[in-house]
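*Asks:* Below: sequence and its predicted model.
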Amino acid sequence: MAILADIAIFTRDGGVILSRWGHYLAGVTWIGLLYYFNFVQVPSFATFEAAGRTEAIAKLVPRALWWFRWAAVLTVLFGLSILAFQDQLNGDYFKSAGGISISTGIVLALIMFLNVWLVIWPNQKIIIANAQGNLPAGADPAAAGRKGLLASRTNTLFSIPMLFFMGATSHFAVQAGFDTSESSKRGAFMGVSFLIILLLELNALGVLGGTGQAPHRRYMETHRDTIIAGFVLTAILYVLFSIFF
Ligand code: HEM
């Protein structure tokens, strides 16, 4: 198989670039549809006549959600495959500046992935069933819509710092000379960051006083406020990164 060996793609580096390529394709599909739902579909559906909205939910939304949730699966699998091909699934990599950066991105992305499969999709299934005229007994489409919206807005919020830290892994964290050698500082950064992210997630799930409108959920009421909050969260996490390292 000398010919195969000559083709650079059949090497470990080839595995890295193929995994990265798959990761980008799946990632743009997932996050592109997330932004379509938040910036285009939700505000447009609010202005639709009831009959038009019902038809769109019954026929268009299931297709969009199919690509959305399976692209999320592929993004995670290709992301793990990059780590495996780059031979980084060991403790030492995760102690480096790049390792801390990718860990931050992965924490955000994994919570987003769980939101897709455990919150957005189950609640959207209720809304789709309602539009298709086969709502299961006891299901509440309005409550499902609200739960799905809060998780979807939170994914939009998280996507902004998630992409910053994904990209910063190879293109900033290492070159900028951050010193991540002290384990107590690494632990403190990951602990404080994770606490902030966890509080935002609990707020999306309604654990902090339900899912209704409240001052501490205001950033999720419009996509404009969610985008602003995403940049604020990125700045907070970046300042923490700079303080600790
Ligand atoms: C749990 C889920 C994810 C895992 C395990 C993961 C893993 C990775 C890894 C290992 C890298 C390479 C870092 C490096 O060495 O430069 C990376 C880069 C990247 N990821 Fe992810 N990722 C995840 C989710 C996402 C999502 C949802 C997106 C959204 C589009 C995304 C977009 C990117 C981008 C743009 C890069 C930068 C590539 C570069 O700078 O060359 N990732 N990811």
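*Replies:* Structure's in. What do you need?

*Asks:* The protein: strands as residue ranges?
*Replies:* Applying DSSP state E to the chain gives no strands.

*Asks:* quick one: low-confidence parts of it?
*Replies:* Under the criterion pLDDT under 70, the flagged ranges of the chain are 1-2, 5.

*Asks:* Which stretches in it count as helices?
*Replies:* 2-6, 12-35, 42-45, 50-59, 61-85, 97-114, 121-131, 141-171, 183-205, 223-244 (DSSP state H).

*Asks:* Same list (those helices) but as CSV, adding mean neighbour count and distance to residue 213.
*Replies:* In this view, the C-beta of every residue, glycine as well, is placed from N, C-alpha and C. Shown next, in CSV, are those (neighbours: other CB atoms under 10 Å; distance: least, CB to CB, whole Å):
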stretch, mean neighbour count, distance to residue 213
helix 2-6, 8, 60
helix 12-35, 16, 23
helix 42-45, 13, 16
helix 50-59, 14, 22
helix 61-85, 17, 24
helix 97-114, 22, 23
helix 121-131, 19, 18
helix 141-171, 21, 10
helix 183-205, 16, 13
helix 223-244, 16, 12
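
*Asks:* can you tell which of the ones you listed is closest to residue 214?
*Replies:* helix 183-205 (9.1 Å; CB to CB).

*Asks:* Could you list the residues in contact with the closest one?
*Replies:* Contacts to helix 183-205, defined as CB atoms under 8 Å, 6 or more residues apart in numbering, come from residues 95, 100, 103-104, 107-108, 111, 115, 119, 150-151, 153-154, 157-158, 180, 208, 216-217, 220, 233, 236-237, 240-241, 244-245.

*Asks:* filter the residues you listed by proximity to the ligand?
*Replies:* Among the contacts of helix 183-205, not one lies near the ligand by CB under 6 Å from any ligand atom.

*Asks:* that older thread, out of the helices of the chain, nearest to residue 91?
*Replies:* helix 97-114 (9.1 Å).

*Asks:* okay, the angle between the closest one and helix 183-205?
*Replies:* Calculated by axes from the mean of the first three to the mean of the last three CA atoms, to 10 degrees, helix 97-114 forms an angle of 20 degrees with helix 183-205.

*Asks:* list the helices and strands helix 97-114 packs on?
*Replies:* If contacts are counted by 3 or more CB pairs under 8 Å, 6 or more residues apart in numbering; DSSP states H and E, helix 97-114 sits against helix 61-85, helix 141-171, helix 183-205, helix 223-244.

*Asks:* of these, which approaches residue 130 most closely?
*Replies:* Using CB to CB, the nearest of the helices and strands packed on helix 97-114 to residue 130 is helix 141-171, at 4.3 Å.

*Asks:* one step back: can you list the helices and strands packed on helix 97-114 in CSV and add distance to residue 19?
*Replies:* Putting the helices and strands packed on helix 97-114 into CSV (distance: least, CB to CB, whole Å) gives the following:
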stretch, distance to residue 19
helix 61-85, 4
helix 141-171, 14
helix 183-205, 25
helix 223-244, 25
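
*Asks:* how about the residues of this structure near the ligand?
*Replies:* Checking the chain against the ligand by CB under 6 Å from any ligand atom, the hits are 23, 27, 30-31, 75-76, 79-80, 82-83, 102, 106, 109-110, 113, 163, 166-167, 169-171.
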